[in-house]
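Chemist: here is the input, now give the coordinates:
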Amino acid sequence: SRSPAPRLGVTISSEEMAPHAVGPRRTDSLRTYVRATRIVGGLVVLILFGAIAWDLADDGFWARHALFTGLVASLVVVAVTAAVLNEVLERRQRERWAVVAQYALFDFVRAARLVWGGLLELAGWVPDGELGDGALAAGSEVVHDTPRLTAAMDETLARADRREQLHRLIVGLLDQGHDVLGRWADVMVSSGTYAEIVDRHVELYSRLYWWGSVLDESDPLEEHASRPRLSSVSPASQTVGPVEDEWLRDNLVAIAQLAESLDRDSFELAMRI
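Modeler: Prediction:
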């Protein structure tokens with residue numbers, strides 16, 4: 001039960017910013033760049049079939065409307081040219097950065113695994129025994145067992161020593177995430193295929209930053225005591241007031257599940273290169 005943080009001149013409706021546990025906002029597709037090309041191709045095919053059907057129904061229409069016919073033909077040519085060029089350029093970019101992208105993706109896999117693995121270990125649910133594919137699969141199963149993970153996070157937040165461990169874990173994960181993103185973001189965003197996965201990793205670390213700032217305000221670390229007091233006001237309490245442990249718990253569960261899905265998706269994409 002913390003006292004409300006001072007509002008710094010921000011007016012946001014409670015309905016707009018009501019607390020809720022958010023899942024991944026980004027699309028799960030790692031090949032979204034293909035959609036535009038396929039949509040354009042589909043539209044062109046529909047236009048051609050429509051033109052043929054129209055011609056069969058009224059064989060004099062296109063001859064009587066030469067200007068309209070020329071415009072439609074020009075649009076079809078432009079659309080096909082744009083779709084082909086988009087695919088060719090995207091393919092060249094993928095081939096150009098293939099080796100670097102695969103190495104970077106494995107780095108992203110490791111960083112995402114540190115997030116969900118660290119949260120799982122803190123909650124006391126790392127499988128016993130020798131580590132390997134079996135242990136990884138068992139850990140993934142626990143992460144997706146939402147009631148089980150939620151109960152474990154409740155226990156973590158209920159103990160002061162575990163909250164401090166959680167705070168330190170998030171600080172370390174953010175440092176690791178900043179290093180990985182700093183190394184690879186500029187390279188990876190050059191291609192639509194890789195930009196999508198980088199975008200989702202940025203979302204993961206932005207969430208960690210958000211909830212790390214909540215802990216900076218509610219449970220500041222000793223080494224941060226010399227920081228200016230106003231710098232500890234978290235974005236969460238600035239916009240919605242005091243953050244309840246239940247909301248923090250639900251979002252920690254969502255972060256662990258997002259990190260695990262990014263681990264799998266990044267690994268699968270790396271192996272397809």
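Chemist: helices of the stretch 101-250 of the chain, start to end?
Modeler: For the stretch 101-250 of the chain, helices defined by DSSP state H, counting those that start in this stretch occupy the ranges 133-143, 146-158, 160-188, 192-218, 235-240, 245-272.
Chemist: the shortest one: how far from the chain's middle?
Modeler: Right, the one you point to is helix 235-240. 22 Å (C-alpha atoms, centre = their mean, to the nearest Å).
Chemist: okay, buried residues for stretch 221-237 please.
Modeler: Ser232, Val233, Ser234, Ala236, Ser237 (16 or more other C-beta atoms under 10 Å). C-beta: built from backbone N, CA, C; applies to glycine.
Chemist: quick check: the third one touching Asp219?
Modeler: No - taking C-beta atoms under 8 Å as the definition, Ser234 is not a contact partner of Asp219, at 11.2 Å.
Chemist: coming back round to it: and the buried residues of stretch 221-237, which two are the farthest apart?
Modeler: Using C-beta to C-beta, the pair of the buried residues of stretch 221-237 lying farthest apart is Ser232 and Ala236, separated by 12.1 Å.
Chemist: in the protein, which residue is most central in space?
Modeler: What sits nearest the mean C-alpha location of the chain, by C-alpha atoms, centre = their mean, is Arg200, with 2.2 Å.
Chemist: from what I can see it touches Ala259, true?
Modeler: No - assessed by C-beta under 8 Å, Arg200 is found out of contact with Ala259, at 10.1 Å.
Chemist: point out where the stretch 101-250 of the chain drops to low pLDDT.
Modeler: Under the criterion pLDDT under 70, the flagged ranges of the stretch 101-250 of the chain are 127-132, 190-193, 223-225, 240.
Chemist: recalculate using a threshold of 90.
Modeler: 101-102, 122-142, 156-161, 182-199, 210-248 (pLDDT under 90).
Chemist: quick check: Arg162 touching Leu119?
Modeler: No - counting by C-beta under 8 Å, Arg162 does not reach Leu119; the two are 11.6 Å apart.
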